[in-house]
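K.L.:
Coordinates only, no sequence provided:
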């Protein structure tokens, strides 16, 4: 027995199981299983890598939200540490994200920074209660066109908010609304600063070139460091964090409970629900992406609880709302992080910077941070899914475009409410149009000979009813619960009358996850409408990613070829 494993077992004895498994933080589970020095080193390296990415990004998001860069860093430290320590995912990295920029900016404009802190604290309470009420699984029922629409809309708003700093425009104030903002930009276009444009363009080019030629090098940090050195050495006439925020605090603040009144709570409560809703969606989407990359399974309800505690604590330190960050989580996984210790390490590395290096922030050019946020907006744009949904039927296109337009032109809360309502009505209309009266039984199920002819290494699932994206989650849960991984799975879809855009996208994710695990997927008895929808997400017959069979007997023949085995004896 190695010394590392002895250490892991010592940790195990100190962590008795107190909570049900669904409400046990993944960090506790990892330490119970045994945690050795090799894993610790790998997680610390991954944490340092993520911290290098998160450092300039957190500052940029703090400024874009209408706050100061130190608020972004404080959020990354406090919320990032607690999301990893108390969340339901092994590899989730939390902190400020682009999804919150719009709502945070609006709350600060309407209620001041104290109003934002109170709204964040209330959102933390809402998330914690929602987690313990086991509402974590309900978030997955938000239709994908709605999520894609408001995410793409947020990306447009973020990019628009950075035009002033990238061009170096001299403006007394920038309107909050989208159309007036661009009207003000056009009015001030004569004041653009060529030097600021050159600095921003150099930062943008550095990030893009490094992503294409050396993706392991932290392009955000390199761009910020290089442009800061050049601006300081040459005394270039551009705005920096120091000139924009001369009185910015340094170091970590002490926690304090915000002052509030019943009237103030009533004023910010709608914003608190919006923050909680966004945090829930973003964190669980990020956790699902992480599961697909690692093969682990997150605990959705505990993830909600962890997000709630993290947002509550962030508010106590005067920080911003926080949630799981998909890009930083992916960076953590690629860097070798495989436990919550990596996320905790990332927060501690950022804390060291706040304590000993925060004065260096003053030299960072605003144009360079604008370039970083342009790249964040591009990553959030969901361009592949956005264009994919434009090929879907009219109902899905309308939901997507309406949510997108309302996010930009009206309000994020309105966009989500209208999008979800419209998507639900369209889904119900489609359901009513697919109801048919047919035979009272499925002849396939009565064929015992075919049932006994299933080859070893093949699992069969029968789908019944309309197929939407929530169904795939249940199917994959069943698949993962099996003791032995199959070599092929057959999805019997004769009783699936229709698939919507979300269901087609989710089935595509299932197929991709199965392919990564070396599992062949065979679809049998697919009806015309599902075939057309699957074709639109490049899962049509003959695509090479899945195999089609007209009936169950044909699917068995394809399965025998896939596993290369003989049928069982009847």
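P.N.:
Received the coordinates, thanks. This one's a predicted model, so the numbers in the text were calculated from it and none came from an experiment.

K.L.:
where does the stretch 451-570 of the chain dip in pLDDT?
P.N.:
451-453, 468-484, 565-570 (pLDDT under 70).

K.L.:
Please apply the same query to the stretch 51-200 of the chain.
P.N.:
Applying pLDDT under 70 to the stretch 51-200 of the chain flags residues 140.

K.L.:
now the strands for the stretch 251-400 of the chain?
P.N.:
323-324 (DSSP state E, counting those that start in this stretch).

K.L.:
Would you map the helices across it?
P.N.:
Using DSSP state H, counting those that start in this stretch, the helices found in the stretch 251-400 of the chain span residues 262-294, 300-316, 326-334, 340-357, 366-380, 383-389, 394-409.

K.L.:
Tell me which other helices or strands the fifth one touches.
P.N.:
Helix 366-380 makes packing contacts with helix 37-64, helix 144-161, helix 163-167, helix 194-213, helix 219-234, helix 241-244 when contacts are defined by 3 or more CB pairs under 8 Å, 6 or more residues apart in numbering; DSSP states H and E. Where C-beta positions appear, they are placed from N, C-alpha and C, glycine not excepted.

K.L.:
Report the buried residues of the fourth one.
P.N.:
Translated: helix 194-213. Judged by neighbour count (16 or more other CB atoms under 10 Å), helix 194-213 contains these buried residues: 196, 198-200, 202-204, 206-207, 210.

K.L.:
And the contacts of it?
P.N.:
Applying CB atoms under 8 Å, 6 or more residues apart in numbering, the set of residues contacting helix 194-213 from outside is 165-168, 217, 219-220, 222-224, 226-227, 230-231, 236-239, 365-368, 370-372, 374-375.

K.L.:
show me what contacts the most centrally placed residue in the chain?
P.N.:
Nearest to the geometric centre of the chain sits residue 286, at 3.3 Å (CA atoms, centre = their mean). By CB under 8 Å, 6+ apart, the contact set of residue 286 is 89, 92, 323-326, 329.

K.L.:
So among those, where is pLDDT lowest?
P.N.:
Lowest pLDDT of those: residue 326, 86.

K.L.:
how much space between the residue lying closest to that residue once chain neighbours are set aside and residue 513?
P.N.:
Nearest non-adjacent residue to residue 326, counting by CB to CB, 6 or more residues apart in numbering: residue 286, 4.5 Å away. Distance from residue 286 to residue 513, counting by CB to CB, to the nearest Å: 16 Å.

K.L.:
What of residue 279?
P.N.:
For residue 279, the distance to residue 513 equals 25 Å [CB to CB].

K.L.:
between the two, who's got more neighbours?
P.N.:
Each of residue 279 and residue 513 has its neighbours counted (other CB atoms under 10 Å); residue 279 has more, 31 against 19.

K.L.:
Spatially nearest residue to the more buried one (excluding sequence neighbours)?
P.N.:
residue 323 (4.1 Å).

K.L.:
got a list of what that neighbour touches?
P.N.:
94, 97, 99-100, 278-280, 282-283, 286, 307.

K.L.:
What of residue 416?
P.N.:
The neighbours of residue 416, taking CB under 8 Å, 6+ apart as the test, are 146, 150, 274, 277, 403.

K.L.:
Nearest to residue 37 among these?
P.N.:
Of all the contacts of residue 416, residue 37 sits closest to residue 277, with 41.1 Å by CB to CB.

K.L.:
for residue 304, what are its contacts?
P.N.:
Contacts here follow CB under 8 Å, 6+ apart; on that basis residue 304 touches 88, 127-128, 130-131, 135-136, 280, 283-284.

K.L.:
let's see it at 10 Å
P.N.:
Contact analysis of residue 304 by CB atoms under 10 Å, 6 or more residues apart in numbering lists 87-88, 126-137, 139, 276, 279-280, 283-284.

K.L.:
Tell me which residues touch the spatially closest residue to it that is not a sequence neighbour, please.
P.N.:
Closest residue to residue 304 apart from its sequence neighbours, by CB to CB, 6+ apart: residue 131 at 3.2 Å. Residue 131 makes contact with 22-23, 88, 280, 299-309, according to CB under 10 Å, 6+ apart.

K.L.:
By neighbours, which of these wins?
P.N.:
Going by other CB under 10 Å, residue 307 tops the contacts of residue 131 with 35 neighbours.

K.L.:
ok, that residue - contacts?
P.N.:
Counting by CB under 10 Å, 6+ apart, residue 307 touches 79, 82-83, 86-88, 92, 94, 123-124, 127-128, 130-131, 136, 276, 279-280, 282-284, 321-324.

K.L.:
do residue 248 as well
P.N.:
Applying CB under 10 Å, 6+ apart, the residues near residue 248 are 68-71, 241-242, 358-359, 361-362.

K.L.:
Can you select the buried ones from these in PyMOL?
P.N.:
Filtering the contacts of residue 248 down to the buried ones (16+ other CB under 10 Å) takes a single PyMOL command:
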select buried, resi 68+69+70+71+241+358+361+362
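
K.L.:
got TSV for the contacts of residue 248, with distance to residue 495 too?
P.N.:
Below are the contacts of residue 248 laid out as TSV (distance: CB to CB, whole Å):
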residue	distance to residue 495
68	57
69	56
70	57
71	53
241	60
242	66
358	61
359	66
361	60
362	65
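
K.L.:
Please identify the one among the contacts of residue 248 that lies nearest to residue 414.
P.N.:
Distances from residue 414 to the contacts of residue 248, taken by CB to CB, are shortest for residue 71, at 26.5 Å.

K.L.:
ok, then the element right after the host helix or strand of the closest one?
P.N.:
Using DSSP states H and E, residue 71 sits in helix 69-86. As assigned by DSSP H and E, the chain's next helix or strand after helix 69-86 is strand 94-95.

K.L.:
what comes up buried for the very next helix or strand once past that next one?
P.N.:
Sequence-wise, the next helix or strand downstream of strand 94-95 (DSSP H and E) is helix 101-132. Neighbour-count burial for helix 101-132, with 16+ other CB under 10 Å as criterion, is recorded at 101-108, 111, 113, 115-128, 130-131.

K.L.:
Identify, from the contacts of residue 286, the entry nearest to residue 461.
P.N.:
Among the contacts of residue 286, and counting by CB to CB, the member closest to residue 461 is residue 89, at 26.3 Å.

K.L.:
What sits closest to the closest one if chain neighbours are left out?
P.N.:
Per CB to CB, 6+ apart, closest to residue 89 is residue 298, 4.1 Å.

K.L.:
I'd like to know how far the one you found sits from residue 415.
P.N.:
27 Å.

K.L.:
ok, residue 317 touching residue 251?
P.N.:
No - if you go by CB atoms under 10 Å, residue 317 and residue 251 don't touch, sitting 11.6 Å apart.

K.L.:
returning to that earlier point: and the residue nearest to the centre of the chain, how far is that from residue 304?
P.N.:
Distance from residue 286 to residue 304, counting by CB to CB: 13 Å.

K.L.:
returning to what we had before: let me have the contacts of residue 286 in CSV, extended by distance to residue 156.
P.N.:
Shown next, in CSV, are the contacts of residue 286 (distance: CB to CB, whole Å):
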residue, distance to residue 156
89, 29
92, 27
323, 20
324, 22
325, 19
326, 18
329, 24
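
K.L.:
Considering the residues you listed, which possesses the most neighbours?
P.N.:
residue 324 (34 neighbours).

K.L.:
Identify the residues contacting that one.
P.N.:
Neighbours of residue 324 in contact, by CB under 10 Å, 6+ apart: 83-84, 87, 89, 91-95, 97, 279-290, 298, 303, 306-307, 310, 343.

K.L.:
Show the contacting residues for the nearest residue in space to residue 345 that is not next to it in sequence.
P.N.:
Nearest non-adjacent residue to residue 345, counting by CB to CB, 6+ apart: residue 47, 2.7 Å away. With CB under 10 Å, 6+ apart as the criterion, the residues that contact residue 47 are 54, 80, 84, 93, 332, 335, 337, 341-350.

K.L.:
Then residue 429?
P.N.:
Residue 429 is in contact with residue 395, counting by CB under 10 Å, 6+ apart.
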